[in-house]
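A.B. asks: 3D, please:
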Amino acid sequence: MKSIFITVVIAFHVSFGAFGQNKPKATSQKSKNRTLIFFFDGLRPDYITPEQMPNLFAFKETACFGKHHHSVFPTVTRVNSASYATGSYPGTHGILGNAVYFPAVDSAKSIGTTYEDLIKVTATEDSLLTAVSLGEVLQAAGEKLMVFSSGTTGQAFLQNHKVRGGPIVNPGLILPETFKSRLIDDLGEIPTADSDGSGRHKWVTDALLKYGLMENGPLVSAIWLSDPDGAAHANGIGSPEAVEALRFVDEQFGRVVQALQVQKLTEQFNIIISTDHGFVTQVGSVSLTDFLIQEGLKRDKNSDDVVLAEGSIYVKNHDPEKIQKIVSALHKEEWIGAIFTKAKTEGDTQGWVEGTLSFDAIHVNHPQRTGDILVAMDWNDHKNDKGFAGTDYVKGKAGHGGSSPYEIHIALFAKGPDFKNSVSTDLPTSNIDIVPTILNIYDLPIPPQMDGRIISEILKKPGNAMGKMKKETIKTEIRYPWGIYALSLEMSVLGKYRYFDYSKTERGFTK
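C.D. replies: Residues are numbered from 1 along each chain as shown. The predicted structure is shown next:
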């Protein structure tokens with residue numbers, strides 16, 4: 001199956017490259033409106049208030065609003081960075097978490113997803129991402145993508161991993177390296193790590209204002225500010241530090257809006273705003289690794305019999321008996337939520353292990369890279385001491401990565417010359433839909449691997465009617481001597497497009 005998959009990828013690159021040569025300036029006949037993608041890392045919709053984020057709130061009031069917008073599951077940064085950049089799900093692009101397992105890099109443990117980690121993967125894999133990215137499409141059309149990021153080097157790199165259309169500007173990663181001296185000459189020294197991130201946020205915003213808005217600048221610019229994520233992780237949702245971080249990144253967004261107004265560029269720029277995930281309060285006390293060791297299902301933290309990459313579990317030699325034992329042990333634990341395994345048959349929503357749902361149902365079934373089990377911690381609607389609802393059983397203070405609506409449900413805003421005036425859509429959208437929509441604006445080809453759709457209902461450009469959304473619930477359950485484990489997924493279905501809303505787990509214990 002691997003050889004077939006790689007052949008398809010290579011064939012597309014060949015045909016796509018030829019297309020780019022035939023039409024080197026696909027946008028030359030169209031309006032030269034430019035597009036700015038703005039990501040606020042870890043932005044819950046209920047953060048956006050006039051008090052905390054006055055600039056974004058004011059933008060929201062007159063922008064198109066995607067009211068049923070989705071993060072990609074697992075709801076972590078590097079998954080969503082790769083997903084938005086390629087317009088595809090993890091099962092297509094191959095980045096399955098903030099930690100990933102590539103046995104050829106390290107057979108005994110997962111690795112991180114910093115730039116330094118990811119370039120190790122490129123030495124062992126035919127391609128880091130097994131999907132075509134926005135940067136590659138723009139490059140083939142003779143256009144540019146430029147990335148500005150105050151977050152991790154991996155998050156920045158995955159937005160344009162071929163670095164073909166334009167530079168990546170991140171305090172820890174400047175690509176190409178030859179661009180570094182010009183950056184320092186224009187903007188001053190690159191900021192080192194600071195406690196609240198404000199120096200990094202301001203510096204990359206300065207870079208965007210310098211290079212992204214300049215005449216003959218990139219057709220598409222993408223800026224990603226790593227707060228409020230960092231502040232919420234460290235101090236909790238609604239903490240003074242998190243609120244201050246919200247205000248600061250909102251000020252940076254306000255600087256961009258003001259610069260567009262002063263330079264009379266407002267009518268020449270589309271602005272699309274999203275985030276990678278929401279956030280929940282964390283109250284867990286047990287790690288998945290420690291639990292498996294305690295239960296005798298993994299030898300020790302460094303053993304290769306069972307390797308964990310966040311919630312993904314890789315069992316040596318895909319031992320079916322071991323996989324079933326692990327799933328059975330997890331079913332009983334009240335802090336464990338949704339459990340997924342490979343499909344019974346291709347495309348089936350039921351997992352092959354009884355009491356699980358499939359990787360296919362949640363779009364993570366990559367042909368080579370998916371583990372044997374995927375676990376999400378259980379969650380509830382409990383509020384924290386600041387009144388923010390949403391709690392899960394991961395160890396920590398606050399975070400994300402799970403399948404609760406608080407992590408999956410995010411906001412989408414869009415405004416500019418190619419968008420309708422202040423319309424809302426109740427139809428489901430996702431981060432994977434951003435790039436297909438941008439490509440449609442510029443009449444650029446949408447690679448067949450892209451899983452996302454064109455959000456035509458908010459575009460001025462005529463598009464195909466999407467029809468009506470319907471809700472679908474997928475269920476499974478299993479009975480044990482101790483009781484029942486039941487799992488359900490709510491999906492929003494729009495024609496062939498299936499959006500994962502959230503999972504729900506219930507247990508009934510025998511008295």
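
A.B. asks: When you work out contacts or count neighbours from here on, use the C-alpha atoms and nothing else.
C.D. replies: OK.

A.B. asks: Give me the buried positions along stretch 212-219.
C.D. replies: Neighbour-count burial for stretch 212-219 flags 212, 213, 217, 218, 219 (criterion: 16 or more other CA atoms under 10 Å).

A.B. asks: Please apply the same query to stretch 473-492.
C.D. replies: Applying 16+ other CA under 10 Å to stretch 473-492 flags 475, 476, 477, 484, 485, 486, 487, 488, 489, 490, 491, 492 as buried.

A.B. asks: Now for those residues: which two are most distant?
C.D. replies: Comparing every pair within the buried residues of stretch 473-492 by CA to CA identifies 484 and 492 as the most remote, at 26.5 Å.

A.B. asks: contacting residues around residue 396?
C.D. replies: The neighbours of residue 396, taking CA atoms under 8 Å, 6 or more residues apart in numbering as the test, are 233, 282, 283, 284.

A.B. asks: can we see that at 7 Å?
C.D. replies: Contacts were defined as CA atoms under 7 Å, 6 or more residues apart in numbering; by that measure residue 396 touches 282, 283, 284.

A.B. asks: Thought residue 131 was touching residue 449, still the case?
C.D. replies: Yes - in this structure, residue 449 sits in contact with residue 131. The criterion is CA atoms under 7 Å, and the distance is 6.3 Å.

A.B. asks: Going by how many neighbours each has, rank these two and give me the top one.
C.D. replies: With neighbours defined as other CA atoms under 10 Å, residue 449 and residue 131 compare such that residue 131 has more, 26 against 19.

A.B. asks: Grab the nearest non-local neighbour of the more buried one.
C.D. replies: With CA to CA, 6 or more residues apart in numbering as the measure, residue 93 is the residue that lies nearest to residue 131, at 4.9 Å, once sequence neighbours are left out.

A.B. asks: Could you measure from the most centrally placed residue in the chain over to residue 434?
C.D. replies: Averaging the C-alpha coordinates of the chain gives a centre point, and the residue nearest to it by CA atoms, centre = their mean is residue 80 (1.0 Å). Spatial separation of residue 80 from residue 434 under the definition CA to CA, to the nearest Å is 11 Å.

A.B. asks: swap in residue 248?
C.D. replies: Distance from residue 248 to residue 434, counting by CA to CA: 25 Å.

A.B. asks: For these two, work out which one has more neighbours and name it.
C.D. replies: It is residue 434, of residue 248 and residue 434, that has more neighbours when counted by other CA under 10 Å, with 25 against 21.

A.B. asks: is it fair to say the more buried one lies in a helix?
C.D. replies: Yes - according to DSSP: H, G, I helix; E, B strand; the rest coil, the state of residue 434 is that of a helix.

A.B. asks: On the pLDDT front, check it for me.
C.D. replies: At residue 434, the pLDDT value in this model is 98.

A.B. asks: so what's it up against?
C.D. replies: Applying CA under 7 Å, 6+ apart, the residues contacting residue 434 are 84, 87.

A.B. asks: Quick check: the gap between the residue nearest to residue 300 when sequence neighbours are not counted and residue 493.
C.D. replies: The spatially closest residue to residue 300, leaving aside those adjacent along the chain, is residue 293, at 6.0 Å (CA to CA, 6+ apart). Applying CA to CA, the value for residue 293 to residue 493 is 39 Å.

A.B. asks: What strand or helix carries residue 252?
C.D. replies: Taking DSSP states H and E as the definition, one finds residue 252 inside helix 240-262.

A.B. asks: how about the CA coordinates for that helix, as PDB?
C.D. replies: What follows is the C-alpha trace of helix 240-262 in PDB, where atoms were taken according to Å, rounded to 0.1, in the frame of the first residue of the first chain:
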ATOM      1  CA  PRO A 240      -4.300  37.500  35.100                       C
ATOM      2  CA  GLU A 241      -1.300  36.400  32.900                       C
ATOM      3  CA  ALA A 242      -3.600  34.800  30.300                       C
ATOM      4  CA  VAL A 243      -5.800  37.900  30.200                       C
ATOM      5  CA  GLU A 244      -2.800  40.200  29.800                       C
ATOM      6  CA  ALA A 245      -1.500  37.900  27.000                       C
ATOM      7  CA  LEU A 246      -4.900  38.200  25.200                       C
ATOM      8  CA  ARG A 247      -4.700  42.000  25.400                       C
ATOM      9  CA  PHE A 248      -1.100  42.100  24.100                       C
ATOM     10  CA  VAL A 249      -1.700  39.900  21.000                       C
ATOM     11  CA  ASP A 250      -4.900  41.800  20.400                       C
ATOM     12  CA  GLU A 251      -2.800  45.000  20.400                       C
ATOM     13  CA  GLN A 252      -0.600  43.500  17.700                       C
ATOM     14  CA  PHE A 253      -3.600  42.700  15.600                       C
ATOM     15  CA  GLY A 254      -4.700  46.200  16.100                       C
ATOM     16  CA  ARG A 255      -1.400  47.500  14.800                       C
ATOM     17  CA  VAL A 256      -1.900  45.500  11.600                       C
ATOM     18  CA  VAL A 257      -5.400  46.800  11.100                       C
ATOM     19  CA  GLN A 258      -4.300  50.300  11.700                       C
ATOM     20  CA  ALA A 259      -1.300  50.000   9.300                       C
ATOM     21  CA  LEU A 260      -3.700  48.700   6.500                       C
ATOM     22  CA  GLN A 261      -5.900  51.700   7.100                       C
ATOM     23  CA  VAL A 262      -3.000  54.300   7.200                       C
END
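
A.B. asks: Starting from the next helix or strand after that helix, tell me which strands it pairs with and how they run.
C.D. replies: Along the chain past helix 240-262, the next helix or strand (assigned with DSSP H and E) turns out to be strand 269-274. Based on DSSP bridges, the strands next to strand 269-274 in the sheet, each with its direction, are strand 34-40 (parallel), strand 409-415 (antiparallel).

A.B. asks: for these, which one ends up most surrounded?
C.D. replies: strand 409-415 (a mean of 26; mean count of other CA atoms under 10 Å).

A.B. asks: And the helices in the stretch 1-150 of the chain?
C.D. replies: With DSSP state H, counting those that start in this stretch applied, the stretch 1-150 of the chain shows helices at 2-22, 54-62, 77-86, 90-93, 115-122, 134-140, listed in chain order.

A.B. asks: Pick out the shakiest of the ones you listed, pLDDT-wise.
C.D. replies: Per-segment mean pLDDT for the helices of the stretch 1-150 of the chain reaches its minimum on helix 2-22, at a mean of 35.

A.B. asks: quick one: low-confidence parts of the stretch 51-200 of the chain?
C.D. replies: Where the stretch 51-200 of the chain drops to pLDDT under 70, the residues are 165, 195.
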